[in-house]
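Enquirer: Provided below for reference: sequence and predicted model.
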Protein chains: 2
Amino acid sequence: MRVSREKAAEHRDRIIDAAGALFRAKGFGGIGVADIMKAADLTHGGFYGHFASKDDLVAQASRRTMDRAAANWTKLVEAAPDNPYAALLEHYLSPKHRDDPGKGCAFAALGNDAARSGKIVRKAFAEGLAPLLDILAKSIPGKSIPGKSIGGKSIRGKSKTVRRRKAVVAMATLVGALTLARAVEGTPLSDELLEAAHRELIGADQR
Amino acid sequence: MRVSREKAAEHRDRIIDAAGALFRAKGFGGIGVADIMKAADLTHGGFYGHFASKDDLVAQASRRTMDRAAANWTKLVEAAPDNPYAALLEHYLSPKHRDDPGKGCAFAALGNDAARSGKIVRKAFAEGLAPLLDILAKSIPGKSIPGKSIGGKSIRGKSKTVRRRKAVVAMATLVGALTLARAVEGTPLSDELLEAAHRELIGADQR
DNA sequence: ATTATCTATAGATCTATAGATAATGC
DNA sequence: ATTATCTATAGATCTATAGATAATGC
């Protein structure tokens, strides 16, 4: 049952999308090629016409997931020009995000899996993380100080270096809070993690 | 080849220890019962005399790993009475910790796996997290304020609530930074994550 | 004629169990 | 006699491939 070149490309797309969600929900090793193909409404054997290996799909699906995240963050930031940082925090640390990993952040869903993966996957994760850090850095409140800081300490604004560092740490806090909230889901600690991170990040960086 | 009751208990211990390290290094699904038993110098079939299932071992190994972590943190804190918080950060965010997950923090190594596990494992993670948060809360610098804060804002010290929240967020930051540093290991971002978290946590909570 | 997809299966691996073995402990 | 461990294997699952099929596109 051969299909047109166009349809084949659409099938390939469907496989990557299905994998993107299933990997996040169940982990790279927690879902098989057969189930991914079933989710894409195709049969198991057709897979290897589209991808060299399961690892090939892992890398491609990860990249797409992270590209989508950057686009989504940009949209969120642009929709809240008065306080983009608060909008990002609100979105990321919501119970809704916690409770649907298949549609959420790849770093919080697959960070451990990526750490155990090969260089290609880890590099994809690094390249996917960079734009998120840029968006975060721009959205953090506090006027930017273009020149040097006074006396080694800026009073009101933030230098580029400080802004970058705060973005990196905010990202770590977001990923850590969501990861832990999911790991202890069903206990009071889970909500506490989301709320504490939200409150502390809002407070700490508005100074 | 039956062994003494005492030896059997020792074997059981060895299985749990081997599993604790192998699970952290490879994930709950990334290592099989046969390999764990081989690491404990026993044969595959003997496993089910000690544990009801692989999941039973997952829960027991997780619990032991986390109990050991609490003991280790207590030791670290007591060895640095002048600045226990710095000692914890130094230890947790070291490249050495990043590069040997099999001997490190269970939350940074298995948070994603725990999130995909059953209630029993997630409850074990929640019960293992609590003592670490207590140790963190006690070690965070800033005199504690027993009474109410003045004008809704404490000036120099920290109320119990604030201290608790800062501990929860510090834990999230630690776990997130280490998880991400491992996920992007081999790129410049990896060191940057560890260093940024270290610097920001030290600075932010000494105020 | 080419090729996207399908059916079927090889080969590896993984959890769990059955039954045998041999040393312990009553 | 009990039981901790061992060998062997059942049954499930997973990646990857081989060969057949049938519709596309030159």
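Expert: All right, it came through fine.

Enquirer: mind telling me which residue of chain A is nearest DNA strand C?
Expert: A:Gly45 (2.0 Å; Cβ to the nearest atom of the strand). All C-beta atoms are positioned from the backbone trio N, CA, C, and that covers glycine.

Enquirer: distance of that residue relative to A:Val33?
Expert: Distance, A:Gly45 to A:Val33, by Cβ to Cβ, to the nearest Å: 10 Å.

Enquirer: which ones are touching A:Ala137?
Expert: The contact partners of A:Ala137, by Cβ atoms under 8 Å, 6 or more residues apart in numbering or on different chains, come to A:163-164, A:166-167.

Enquirer: and the residues you listed as a markdown table, adding secondary structure?
Expert: Listed next are the contacts of A:Ala137 as a markdown table, based on DSSP: H, G, I helix; E, B strand; the rest coil:
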| residue | secondary structure |
| --- | --- |
| A:Arg163 | helix |
| A:Arg164 | helix |
| A:Lys166 | helix |
| A:Ala167 | helix |
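
Enquirer: out of these, which end up buried?
Expert: Buried members of the contacts of A:Ala137, counted by 16 or more other Cβ atoms under 10 Å in any protein chain shown: A:163-164, A:166-167.

Enquirer: and which of those residues is nearest to DNA strand D?
Expert: Using Cβ to the nearest atom of the strand, A:Ala167 comes nearest to DNA strand D of the buried ones among the contacts of A:Ala137, at 35.3 Å.

Enquirer: quick check: phi and psi at A:Ala70.
Expert: phi -60, psi -40 (degrees, to the nearest 10).

Enquirer: tell me the contacts of the residue in chain A positioned nearest to chain B?
Expert: For chain A and chain B, the shortest gap (Cβ to the nearest Cβ) falls at A:Gly176, measuring 2.6 Å. Neighbouring residues of A:Gly176 by Cβ under 8 Å, 6+ apart: A:197, B:171-177, B:179.

Enquirer: make TSV from the residues you listed and add pLDDT, secondary structure and distance to A:Ser94 to it.
Expert: What follows is the contacts of A:Gly176, written out as TSV (pLDDT from 0 to 100; DSSP: H, G, I helix; E, B strand; the rest coil; distance: Cβ to Cβ, whole Å):
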residue	pLDDT	secondary structure	distance to A:Ser94
A:Ala197	98	helix	11
B:Met171	98	helix	20
B:Ala172	98	helix	15
B:Thr173	98	helix	19
B:Leu174	98	helix	22
B:Val175	98	helix	19
B:Gly176	98	helix	17
B:Ala177	98	helix	22
B:Thr179	98	helix	20
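
Enquirer: can you tell me which of those residues is nearest DNA strand D?
Expert: Nearest to DNA strand D, judged by Cβ to the nearest atom of the strand, of the contacts of A:Gly176 is B:Thr179 at 23.3 Å.

Enquirer: what's the distance between the residue nearest to the closest one when sequence neighbours are not counted and DNA strand D?
Expert: Spatial nearest neighbour of B:Thr179, chain neighbours left out: A:Gly111 (4.2 Å); criterion: Cβ to Cβ, 6 or more residues apart in numbering or on different chains. In this structure, A:Gly111 and DNA strand D are 20 Å apart, going by Cβ to the nearest atom of the strand, to the nearest Å.

Enquirer: what is the burial count for A:Gly111?
Expert: By other Cβ atoms under 10 Å in any protein chain shown, 27 other residues sit near A:Gly111.

Enquirer: now that it has come up, it's in contact with B:Ala183, right?
Expert: Yes: in this structure, A:Gly111 is within contact of B:Ala183 by Cβ atoms under 8 Å, at 4.6 Å.

Enquirer: okay, and the common contacts of these two?
Expert: Joint contacts of A:Gly111 and B:Ala183 (Cβ under 8 Å, 6+ apart) are A:Phe125.

Enquirer: ends of stretch A:45-53, what's the gap?
Expert: Distance across stretch A:45-53, first residue to last, is 12 Å (Cα to Cα, to the nearest Å).

Enquirer: who touches that stretch?
Expert: By Cβ under 8 Å, 6+ apart, the list of residues contacting stretch A:45-53 from outside reads A:8, A:11-12, A:15, A:33, A:36-37, A:57, A:60.

Enquirer: okay, A:Gly45 and A:Val33: which has more neighbours?
Expert: Taking neighbours as other Cβ under 10 Å, A:Gly45 and A:Val33 compare with A:Val33 leading, 17 against 10.

Enquirer: tell me the phi and psi of the more buried one?
Expert: The phi and psi values for A:Val33, taken as degrees, to the nearest 10, are phi -60, psi -40.

Enquirer: hmm, it is touching A:Lys54, no?
Expert: Yes: between A:Val33 and A:Lys54 there is a contact under Cβ under 8 Å: 5.7 Å.

Enquirer: okay, now A:Ala19: neighbour count?
Expert: A:Ala19: 27 surrounding residues under other Cβ under 10 Å.

Enquirer: which residue, other than its chain neighbours, is closest to it?
Expert: That would be A:Ala61: by Cβ to Cβ, 6+ apart, it lies 4.0 Å from A:Ala19.

Enquirer: before we move on, the earlier item: pLDDT wise, what is the residue of chain A closest to DNA strand C at?
Expert: pLDDT for A:Gly45: 91.

Enquirer: and A:Gln206, by the same measure?
Expert: A:Gln206 carries a pLDDT value of 51.

Enquirer: tell me the contacts of the residue in chain A positioned nearest to DNA strand D?
Expert: For chain A and DNA strand D, the shortest gap (Cβ to the nearest atom of the strand) falls at A:Gly32, measuring 2.9 Å. A:Gly32 makes contact with no residue, according to Cβ under 8 Å, 6+ apart.

Enquirer: and for A:Val33?
Expert: Counting by Cβ under 8 Å, 6+ apart, A:Val33 makes contact with A:44, A:47, A:54, A:57.

Enquirer: what do you get if the cut-off is 7 Å, keeping everything else the same?
Expert: A:44, A:47, A:54 (Cβ atoms under 7 Å, 6 or more residues apart in numbering or on different chains).

Enquirer: pretty sure the first one sits against A:Asp35.
Expert: Looking back up the chat, that one is A:His44. No: the pair A:His44 and A:Asp35 fails to qualify as a contact (Cβ atoms under 7 Å) at a distance of 9.0 Å.

Enquirer: in a markdown table: the buried ones among the contacts of A:Ala137, plus pLDDT and distance to DNA strand C.
Expert: A markdown table is the format used below for these (pLDDT from 0 to 100; distance: Cβ to the nearest atom of the strand, whole Å):
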| residue | pLDDT | distance to DNA strand C |
| --- | --- | --- |
| A:Arg163 | 95 | 46 |
| A:Arg164 | 97 | 42 |
| A:Lys166 | 97 | 42 |
| A:Ala167 | 98 | 40 |
